[in-house]
Structures are given as C-alpha cells and as structure tokens.
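**Student:** From the sequence below, what's the structure:
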Amino acid sequence: MTTVKNSALTVLIAEDSAPDRLILESIVKKSGHIPVVAADGAQAVQAFEKHLPDIVLLDVLMPVMGGVEAAKIIRGQTQDTIVPIIFLTSLSDDESLVECIEAGGDDFLTKPYNRVVLESKIKALTRVREMHKTMVRQKQTIELHNQHLIREQTVAKQLYDKIAHSGCLDLNIIKYYMSPQAVFNGDVLVAEVGPAGNMMILLGDFTGHGLPAAIGSMPLASTFYGMVRKGFSMLDILTEINSKLHDILPIGFFCCATCIDVNLDKRRLKVWSGGMPDSMLYKVSTNSYEIIKAKNLPLGVLSEKEFKCQEMRLPLEPCDRFFMWSDGIVEARNEDGEMFGDERLRRLLERRPGSPGLFDEIIGQVHNHIGTSDKDDDISVIELDVQHIPKRPAADETKKIQEGHLQDWAFSFYLATTSLEKYDPLPLIINLINDVPGLKERSSTLYTVLAELYANALEHGVLGLSSELKATPSGFAEFYDLKHARLSALDEGNIEIDLQHKLHPDGGELTIRILDSGAGFDFTAREAESKVETTSPGQSGDSLNFHGRGFDLLESICDRIVVHPPGNCVEVAFVWKRDDVL
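**Tutor:** Predicted coordinates:
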C-alpha cells in the first residue's frame, strides 16, 4: 500500500486510452499523489465536480466530450481558485496548441508519457498554485484591513463633523469648494464670527489623508471655534493650535495653513500664512491683486517657545475679494503629469479681475486640466467677498432662560501688576457673557464697552498716559510706544473688574464696574467742557478729533455712566430687552 504524504494532491486523469490511463495513474501514485480517473470529457467534468482535484490532466481527443470543451467547463467552475490543467496530446500543430491554451490550459505533456517530466510539471504548477493561494489570503487580509480603516475613518469623520461644524461658512459672502481625495479630507476649513464683529477663516492642509489628518483636524477645529467665540486674537489662537499640534502629531506630520482676520468696521485684514501657496487680495480701488506670500513655518513644526506669528496687515474696502487655496490646486496634474501650476492660476485671475464668476471658473479650469486622471491631493478653494458681516440669527431667548443658564449673578476679577503687561482679560469675560441668554447675541456691543473701559483704566489710570498725545495722527505712534515702555517698566498697579447681572421679566441689566490703581481724573470738568463748543474760526463743530471720544461712545451704548471719586472707578449699566418684547 502506497503511503500518502501530507502534501499529497488529488490529480484528475482524463484519458480514453486504458493503457495510457494506467501509466498516468501509476506515475501519479508513485509521486505520492491521489489519482482520480475518467475515460472521457463528460466523466472528467463529473469527477471534477465530485472530487475538486488540485490538478487536471486532460487528453485533447476523447469521445463524448473532448478535452478542450471539458477544460472550458472546468475553468468556469474554478472561480478564484487556481486548478492547473495539463493537456495530454500527440498534436504538434500551432493551431491545436493555441486552442488548448485559450480553453484554459496551463501546460502540455506529449505522448509517450515521461515520468520525470510529468513529476516536474506537477511540482512547478503546484508552486504556482500555492503562490496564488498566498496571494488570495493576502488579498483577503488587505480587504479586511481596508474595510476596518474605512470604518475608523468614517467614525473619525462623524466626530470631526460634530466638532468642526460649518461655523459661519453658510454666509453668502463666503464661497468654498473642497474635494476630498480620501474618506477623511486632508484639508480643513473653519470660519467663525468673533464677539468684536470680526470674522476669522482658517484653511489648513495636513500631511497625508485619512486618520493622520483626523488626528490634527479635531483639536484644530475645537480650539479655533472655542477661542474665536471668546474674542481671542489671531496670534493667541494660532499659538495655541500650534502648541497642540506640536504635542500630538508624530514627527513629519504638520499642518500648512492660511488664517485671516477680517474687520470691515476697522477696514483692515490680517493674514497669517505658513507653508501654503500664495494668497491673493483683489483691490477694487486699483482693479489689481496684492499677493500674500507665506512667511511662517507650518503649524505643529515649532515648539511653543520657538513659534512666532508673523502676520500681514492690509487695508480693506467693501467689495474687495480675498482668494486662498491649498496646494492641491497648483499641483493638480493632467494625464501627461503636467501640473496646473502657479502661473496658469495667476493668468486666470488676472484675465478676469473682479469677475463674479471667477471662483467657478477656477474650479472648472482645474477639473478640465485634471481630466480623467487621478487627483494627487485634496483640492480646496475659498473666496471671501468683503462685505459687512451679517449678524448671526438669534435663538429663542425665552426658551434659553428656562434651560438653566445664568440669570442673576456677580463676577469679580482682579489683575495684579504681573498680569497687566501681556494678559488680556476680555476673552474670559466675554466667555462668561456668552453663557447668558440675551447677552450672547449682544456680545459684540459689550466687547466694545469692556474694551473701552479696560483701555481707559490701563492706559490713563495705571500708566498715567494722556489722551492728548493722540490729538494728531503722528501722536498715535508716540502714545503706543510710551505705553509699551511703561508696561515693561511697571512696578506696581492693578485693575479690578466687577460685573453684576439681574434678570428682568422683559430682559435684564448688566452693571460693569472697573477700578484702577491710578490717581483718577476730574470727570465734572470734562462734563463742563463737553457743553462748550471748541471750534475755532473757519472750523465746523464736527471736525475730526483723534482723542477724547471714549466716553461719548460709552454714553451712546450704555444706559447709565457713573464716575466715582476720585475718578479711578467707572461704572456703567447696560440694559437689554428680549427680542420678542422690542
């Protein structure tokens, strides 16, 4: 009895000649394999379905059904598995051999049969079969890993979407297009309106796609939205984002970004760019573009101590337009590998400056350039049409009051000498105000009030600066140089900020009291002076003044202003009414 090895194969032998069939069966057995015999093509097909052999030996010319026809049927049943077919033939003409190959044959064995040749062919085809099995297993493993990765990315995308919601991207002054290369976009776009009425927009381009991008996008978005709403400056926000990304991202991962701070009331634009392509500001007044180049390293590269925020300040006018994009635009390649490029993009912008359809034309031209070729990177384009920033719609304040928000409360904040030089308390206070229904929607106005009161307390109270220095435009520079010098040399001084809020049936009242350590001033003398026209001959009463407007502004906003002796304590009352009772 022949001992069958663990590596034994089942070999189907289809041969109509009984002597040849016995010879092949004997060779297969002596090689340690298991023979299954058939006398014609029809029996071969039945035997294949029953035994599922590892290798098939098919005579080309057989009764009932020939080997070529049988091979076609067997090939249709193998699907993803490889079952080598060796044709047994005495034919030598090319047409017959080609027909066998096209029917699914893998090799030939000519008559008379040679044991050594047959064993060698079985071994060679077995190696091919095993390699195919390995490839199938690896393919299945890759598919499982890919499905798992897609599920992880989908979960990350859902979490990101909850954190990085649209903010103010739905405003009609913003146009944006983002085309992801992967399930999770490597580009991130966030925008929000701050309490001072300014708008910040950040476009980021993370290294890679998928989960590596998700790791950085979520803390970036949560930090951006949280700090913009609290009134932090662009410098503070970018510094915090950089610090978080530097701590969490692996080496070699970072975020190229362009961030803008738009304030149309002040008619200025701040731009910070690190590692991104040039941005463009279209100026209506000159019908031309101003190019803004990246002057910083990407976010997450430098440590907190090394990070520096070099921003550009640009004058702004209504109907100016700002364009920014990720490098997916300039690096978009066509089928020949040619990039879209900076020059082509710039020519497109300059050909139709100020055109309302320019944004759509950029997107169209890039897609036409790419054609049917695969995208190398995510494509993101943003256009900001500089108009007045619309007020965000207010929610139902009455319902909010019933949901457990702050109603009657008091808050006191004390800043000692060491905190006065660099710390800005306004974002902290605005964050508290934003938790009060009714005040949140008026936070921009209250920010103006708090900024004016705090600036007066610090500059005129603690530092003893005179507003008369700002009587001329050239005096402004001298005023702020002196301010920085006195802050740096400050030995003693403090400011106390007290807030008290009382809820009324139709709204509420917020009282703000700021006390500084300065000597104070004679407020009664100012009241007397404000009643006297100070115009000189030939000058109208509304001539331009550069100082002394702070209390006029407060009086136009607040319902009550009280200056407590000796003039270093100012108290204002801000009364608000619910929108449904106005």
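
**Student:** three-state assignment of residue 149?
**Tutor:** Under DSSP: H, G, I helix; E, B strand; the rest coil, residue 149 falls in the helix class.

**Student:** now do residue 202
**Tutor:** Going by three-state DSSP: residue 202 is strand.

**Student:** excluding its backbone neighbours, what's nearest it?
**Tutor:** Distances taken as CB to CB, 6 or more residues apart in numbering put residue 259 closest to residue 202, at 4.3 Å, once the chain neighbours are dropped. Any C-beta I mention is one placed from the backbone N, CA and C, and that applies to glycine too.

**Student:** Am I right that the one you found sits in a helix?
**Tutor:** No. The assignment for residue 259 by three-state DSSP gives strand, which leaves it out of any helix.

**Student:** That one contacts residue 200, correct?
**Tutor:** Yes. Using CB atoms under 8 Å, residue 259 makes contact with residue 200 at a distance of 6.7 Å.

**Student:** Centre-most residue in the chain?
**Tutor:** By CA atoms, centre = their mean, the chain has its centre lying nearest to residue 188, at 1.5 Å.

**Student:** That residue contacts residue 206, doesn't it?
**Tutor:** Yes. Counting by CB under 8 Å, residue 188 touches residue 206, with 6.9 Å between them.

**Student:** Could you give the bridge partners of residue 14?
**Tutor:** Per DSSP bridges, the residues bridged to residue 14 are residue 38, residue 58.

**Student:** quick one: the strands in the stretch 1-150 of the chain?
**Tutor:** In the stretch 1-150 of the chain, the strands defined using DSSP state E, counting those that start in this stretch lie at 10-14, 34-38, 55-59, 85-89, 107-110.

**Student:** If I average pLDDT within each of the ones you listed, which one is lowest?
**Tutor:** With a mean of 82, strand 107-110 has the lowest mean pLDDT of these.

**Student:** List the contacts of that strand.
**Tutor:** Residues from elsewhere that reach strand 107-110, judged by CB atoms under 8 Å, 6 or more residues apart in numbering: 57, 84-90, 92, 97, 100, 117-118, 121, 125.

**Student:** May I see the buried residues of that strand?
**Tutor:** Within strand 107-110, the residues scored as buried using 16 or more other CB atoms under 10 Å are 107-109.

**Student:** List the contacts of residue 58.
**Tutor:** With contact taken as CB under 8 Å, 6+ apart, residue 58 is in contact with 14, 41, 44, 67, 70-71, 85-88, 105.

**Student:** One more pass at 7 Å, please.
**Tutor:** Contact analysis of residue 58 by CB atoms under 7 Å, 6 or more residues apart in numbering lists 14, 44, 67, 70-71, 85, 87-88.

**Student:** any chance of the residues you listed in TSV, plus distance to residue 483 and neighbour count?
**Tutor:** TSV is the format used below for the contacts of residue 58 (distance: CB to CB, whole Å; neighbours: other CB atoms under 10 Å):
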residue	distance to residue 483	neighbour count
14	100	30
44	98	31
67	99	28
70	97	28
71	93	27
85	91	23
87	96	26
88	100	24
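
**Student:** a markdown table for those, including distance to residue 363?
**Tutor:** Below are these laid out as a markdown table (distance: CB to CB, whole Å):
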| residue | distance to residue 363 |
| --- | --- |
| 14 | 63 |
| 44 | 61 |
| 67 | 60 |
| 70 | 58 |
| 71 | 54 |
| 85 | 54 |
| 87 | 58 |
| 88 | 63 |
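
**Student:** which of the residues you listed lies closest to residue 550?
**Tutor:** The nearest member of the contacts of residue 58 to residue 550, counting by CB to CB, is residue 85 at 94.8 Å.

**Student:** List the contacts of the closest one.
**Tutor:** Contact partners of residue 85, counting by CB under 7 Å, 6+ apart, are 56, 58, 71, 74, 104-106.

**Student:** So in terms of bridging, what pairs with it?
**Tutor:** Going by DSSP bridges, residue 85 is paired in beta bridges with residue 56.

**Student:** ok, back up a step: nearest to residue 193, of the contacts of strand 107-110?
**Tutor:** Residue 193 has its nearest neighbour among those in residue 84, at 69.8 Å by CB to CB.

**Student:** Quick check: that closest one vs residue 41, distance?
**Tutor:** Distance, residue 84 to residue 41, using CB to CB, to the nearest Å: 17 Å.

**Student:** Residue 20 now?
**Tutor:** 15 Å.

**Student:** which of these two has more neighbours?
**Tutor:** Set residue 20 next to residue 41 and count neighbours by other CB atoms under 10 Å: residue 41 wins out with 26 against 16.

**Student:** How is this structure partitioned into domains?
**Tutor:** For the chain, the structural domains run 10-135, 164-385, 397-581, going by automatic domain parsing.

**Student:** Looking at these, which is nearest to residue 145?
**Tutor:** Smallest distance to residue 145 across the domains of the chain (CB to CB): 12.6 Å, for domain 164-385.

**Student:** Give me the mean pLDDT for that closest one.
**Tutor:** Mean predicted confidence for domain 164-385 is 86.

**Student:** Give me the distance between the two termini of stretch 248-267.
**Tutor:** In stretch 248-267, first residue to last residue: 37 Å (CA to CA, to the nearest Å).

**Student:** For the contacts of residue 85, name the two members farthest from one another.
**Tutor:** By the measure CB to CB, 74 and 106 form the most distant pair in the contacts of residue 85, at 11.7 Å.

**Student:** ok so, going back, overlap in contacts, residue 259 and residue 200.
**Tutor:** Residues touching both residue 259 and residue 200 by CB under 7 Å, 6+ apart: residue 234.

**Student:** Which of the contacts of strand 107-110 are buried? Put it as a ChimeraX command.
**Tutor:** In ChimeraX, this line selects whichever of these come out buried by 16+ other CB under 10 Å:
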select :57,84,85,86,87,88,89,97,100,118,121,125
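
**Student:** one step back: kindly reformat the strands of the stretch 1-150 of the chain as JSON lines containing distance to residue 175.
**Tutor:** Formatted as JSON lines, the strands of the stretch 1-150 of the chain follow (distance: least, CB to CB, whole Å):
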{"stretch": "strand 10-14", "distance to residue 175": "67"}
{"stretch": "strand 34-38", "distance to residue 175": "71"}
{"stretch": "strand 55-59", "distance to residue 175": "64"}
{"stretch": "strand 85-89", "distance to residue 175": "62"}
{"stretch": "strand 107-110", "distance to residue 175": "63"}
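
**Student:** Closest one of the contacts of residue 58 to residue 331?
**Tutor:** Minimum distance to residue 331 across the contacts of residue 58 is 49.1 Å, recorded for residue 85 (CB to CB).

**Student:** how much space between that closest one and residue 14?
**Tutor:** Per CB to CB, residue 85 is found 10 Å from residue 14.

**Student:** before we move on, the earlier item: which of residue 74 and residue 106 has more neighbours?
**Tutor:** Taking neighbours as other CB under 10 Å, residue 74 and residue 106 compare with residue 74 leading, 24 against 20.

**Student:** Looks like the more buried one contacts residue 48 (just checking).
**Tutor:** Yes. Look at residue 74 against residue 48 with CB atoms under 7 Å: they come within range, at 5.2 Å.

**Student:** Give the intersection of the neighbour lists for those two.
**Tutor:** With CB under 7 Å, 6+ apart as the test, residue 74 and residue 48 both reach residue 56.

**Student:** From residue 58, how far off is residue 87?
**Tutor:** Distance of residue 87 to residue 58, computed by CB to CB: 6 Å.

**Student:** same question, residue 361
**Tutor:** With CB to CB as the criterion, residue 361 and residue 58 are 64 Å apart.

**Student:** How about residue 553?
**Tutor:** Counting by CB to CB, the gap from residue 553 to residue 58 is 98 Å.
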